[in-house]
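Q: the following comprises the amino acid sequence and a computationally predicted model.
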Amino acid sequence: MLFNSIDFAIFLPLVFLLYWFIFNKSLKLQNILILVSSYIFYGWWDWRFLILIFVSTLIDYTIGILIDQERFRSKKKILLVLSLSANLGILGFFKYFNFFIDNFNQAFTLLGTSFNVSSLNLILPVGISFYTFQTMSYTIDVYNGKLKSTNNFIDFSAFVSFFPQLVAGPIERATHLLPQFQKTRKFIYQDAVYGSRQILWGFFKKLVIADNCAEYANIIFNNSNDYSGSTLLLGAFFFTFQIYGDFSGYSDIASGVSRLFGFDLMQNFNYPYFSRDIAEFWRRWHISLSTWFRDYLYFPLGGSKGNKYNQIRNIFIVFIVSGFWHGANWTFIFWGLLNALYFLPLIITNNNRKNLDIVAEGKIFPKLKDFWGIIITFIFTNLAWIFFRADSLSHAFSIFGKIFSKSLFVVPEILPFKTIVLIIFFVIVEWYGRHNSFAIKELFLSKYKIIRFCTYLFFILVIFYFGNFKENVFIYFQF
Amino acid sequence: MKQYIKEFTILLILLLIIFLGMNEFQKKYNNNSGHYCKQYQELNNPQVNANAIIIGTSHTLHAIIPSYLNNNINKNRNKKDNLIFYNFAFNGANPKFYNQWYNEIFANQYNKPKLIIMGVDWFIFERKWLWRDLELDSEYFTNKTFYDFWINNKNSIRDFDRINLIVNKFPFLKYRQDLQYSIKFQVGNPDFQNNFFDNGYVPFNKIMNEESSKPTSIKTTIDKKQLIYFTNLIKQFTSQNIKIVFVSTPEYNISLDFYVNLESLRLVKNIAQINNIEFLNYNNELRSQINGNELLFSDWGHLNKKGSEEFTKIFAKDLNLILKNN
């Protein structure tokens, strides 16, 4: 079920009313409602996906209990490895099996022998990368003693399948989200208002920014041979806003919907395009995934302990694995590698933890140095997104070749004025609201209800008149 | 909770008021041609009571002037045999559209015609060019027709997209992406001269330029479903003893070879021969000085006002001959 669909527009109010008016008598009933609703939400795509999520839930629920019951560290480790193997096995099979088979076949062909293993006709279950990582964080935290296992299967299943964040994150930690299922939730007016505003902002980002940019990014990338370097650069620019609007929009809707039910999700995006360097960008982009890799891969590898070589090695491993997490294609791996290369100078010069504050906090304009930092970081991430979007490495390199050619200095063949104006408006609103968890959280906050209502109506009408309602799937569903 | 629900409800009510206002505003101010509205008005509340109708695409709509036909065809006819023409051609209309339109709306609201002049263009079976679905006209349906389509959507002809039925019923939804015309208080599409509306016909007046003087593509495919709809429509008309005449209206400056080799026109010619239907092809056998005269065209496929006047006179003569011989 897509957030931007009529089905969800009916589903959400129904669940909301049942949750607060019928099932509010008991925490257990509310959690059962969440669980059933989440399974309906997920099964709406394909009921067969439910088998997989159920199996994943059952495995980690059981292993969590067994780890806690086990006295010996070595046996706890075996159980943890079992959990990780099961989760990564499921993920690996559905997401990466065909990638490895195709590359395996190609490698043998290059060596001059024919070894044809057939690939399988597999459907990638929506959100598999997200919920497997979420359940793995549970067993790892139980193993590390950060969390006690739960013996309440309903609570645990609801945590794993929680519909607002099931298919595209944020990837919640069990230490943060699971306890929220275990305590009574009360309807708090201010939370519901913030949640509603966040949903509104999420839809603005998705329907107005992302889906309008997608139209042009797709035309340009799908016909890249026909366009000049300047148009291709513009295509990359549109994709930059498409992926941000799409993904952060989804996260905003997820977070806003969760607030309506009394849940608090972690912030997944923190104005990444206002970053002054690439390290700051990665502290602000897809925070739930980058912190997951930091805590469960980077730190266990040694993190920044030891010598510089180890630190650099660990950074590269994390970025390459992160790229690979996004998809079974060399373009994603290369994208990860490119970001690691961007990171390298900051690591070598120990400047990776320089910009920890909010840029130009309390001021309207940034300092000139910060401004240039933002522009340069934006350009570098923009160029990296080309690999993310391209169909193949050769496609990406051909685009690069054209961008860095004389045709960069011609007027773009496509120049959609309306979309560019919308992007400028969006950037201004984000800049103005950058100190909040989402841009319009306290926009035009006034004691006068009429002004607040006018603001809401303004955004709703902008979404209505400028939004693209072609039911475009969120990009991160494919991961 | 009460406060939240109260405020949410107030917001929804305000939104509804705004949308109702926008609905009325955009009903009047939009970029859509006003002629569809008048054509459907005639269907819903017959005033002309035509017994000879013209159907087809925009090429036909902007080419044949009913009053010219009325004046020329009925000169030597008995009054009781007079033909009253109405142009029910619609922009982008395809055989599926006419199947549904004729059976679901026309047959229930209008008298059975004696004569149907059917515009057949070389792209008649090209679904990508002929975009019109009946749902797109839901704004003009009577309420009874609309509810009937919405509720009873199950038979072989009805296959309506309910979302499109609703979206096109309400101007604020239908013209959502035409806000720039509404805020300029634009009434209708200025390319269509509604002040010269003539029993369904409306002139299409633009100045032809280099780009518009050639079709965007000369490749066309045969959509098998459209071909089946077309064949069924012909069967239906012939079974009801309705006289049919096919006409391909003049197009600008496309070589004769192009028309001769077209599969779509070969199929139409076949169907015409099997069903004993006269086929007046003004791009092929009946090519004239009109085809080469750029002053008579708005673009490669549409005659302008002067062109449609010239053409209708010629067409009326040829139609007279056919009707005399039958």
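A: Alright, I've got the coordinates.
Q: and stretch A:422-438 with chain B, contact?
A: No - if you take CB under 8 Å from any CB of the partner chain as the test, stretch A:422-438 misses chain B, and the best it gets is 13.4 Å. Where C-beta positions appear, they are placed from N, C-alpha and C, glycine not excepted.
Q: select the longest helix from chain A.
A: With secondary structure taken from DSSP state H, chain A has its longest helix at helix A:229-260.
Q: next structured bit after it?
A: helix A:278-284 (DSSP states H and E).
Q: contacting residues for B:Asn199?
A: Residues counted as contacts of B:Asn199 (CB atoms under 8 Å, 6 or more residues apart in numbering or on different chains) are B:Glu42, B:Val48, B:Ala50, B:Pro66, B:Ser67, B:Asn70, B:Phe85, B:Tyr86, B:Asn87.
Q: residues near the residue nearest to it when sequence neighbours are not counted, how many?
A: The spatially closest residue to B:Asn199, leaving aside those adjacent along the chain, is B:Pro66, at 3.8 Å (CB to CB, 6 or more residues apart in numbering or on different chains). Neighbours of B:Pro66 under the rule other CB atoms under 10 Å in any protein chain shown: 24.
Q: and B:Pro66, what are its phi and psi?
A: phi -60, psi -40 (degrees, to the nearest 10).
Q: wait, what's in contact with it?
A: Applying CB under 8 Å, 6+ apart to B:Pro66 gives the contacts B:Ala50, B:Ile54, B:Phe85, B:Tyr86, B:Asn87, B:Asp198, B:Asn199, B:Gly200, B:Tyr201.
Q: the last one against B:Asn87, yeah?
A: Yes - with contacts counted by CB atoms under 8 Å, B:Tyr201 reaches B:Asn87, the gap being 4.4 Å.
Q: helices or strands up against the helix of greatest length in chain B?
A: The residue-count maximum for a helix in chain B (DSSP H) belongs to helix B:2-28. For helix B:2-28, the contact count by 3 or more CB pairs under 8 Å, 6 or more residues apart in numbering or on different chains; DSSP states H and E identifies helix A:189-203, helix A:449-466, helix B:171-174, helix B:179-182 as packing neighbours.
Q: quick check: closest non-adjacent residue to the residue in the stretch 151-300 of chain B that chain A sits nearest to.
A: Per CB to the nearest CB, B:Leu179 is where the stretch 151-300 of chain B lies closest to chain A, at 5.2 Å. Nearest residue to B:Leu179, sequence neighbours excluded (CB to CB, 6+ apart): A:Tyr465, at 5.2 Å.
Q: quick one, what contacts the one you found?
A: Residues counted as contacts of A:Tyr465 (CB under 8 Å, 6+ apart) are B:Arg176, B:Gln177, B:Leu179.
Q: tell me how many other residues surround the first one.
A: By the measure other CB under 10 Å, the count of residues near B:Arg176 is 18.
Q: tell me the spacing between it and B:Phe19.
A: Note on B:Arg176: its distance to B:Phe19, by CB to CB, to the nearest Å, is 11 Å.
Q: ditto for the last one
A: From B:Leu179 across to B:Phe19, the span is 13 Å (CB to CB).
Q: flag every buried residue along the longest helix of chain B.
A: Buried residues in helix B:2-28, counted by 16 or more other CB atoms under 10 Å in any protein chain shown: B:Tyr4, B:Glu7, B:Leu11, B:Leu15, B:Met22, B:Asn23, B:Phe25, B:Gln26, B:Lys27.
Q: please name the nearest non-neighbouring residue to the closest residue to chain B within the stretch 251-400 of chain A.
A: Residue nearest to chain B within the stretch 251-400 of chain A (CB to the nearest CB): A:Leu260, separated by 9.2 Å. Leaving aside its chain neighbours, A:Leu260 sits nearest to A:Gly195 (4.7 Å; criterion: CB to CB, 6+ apart).
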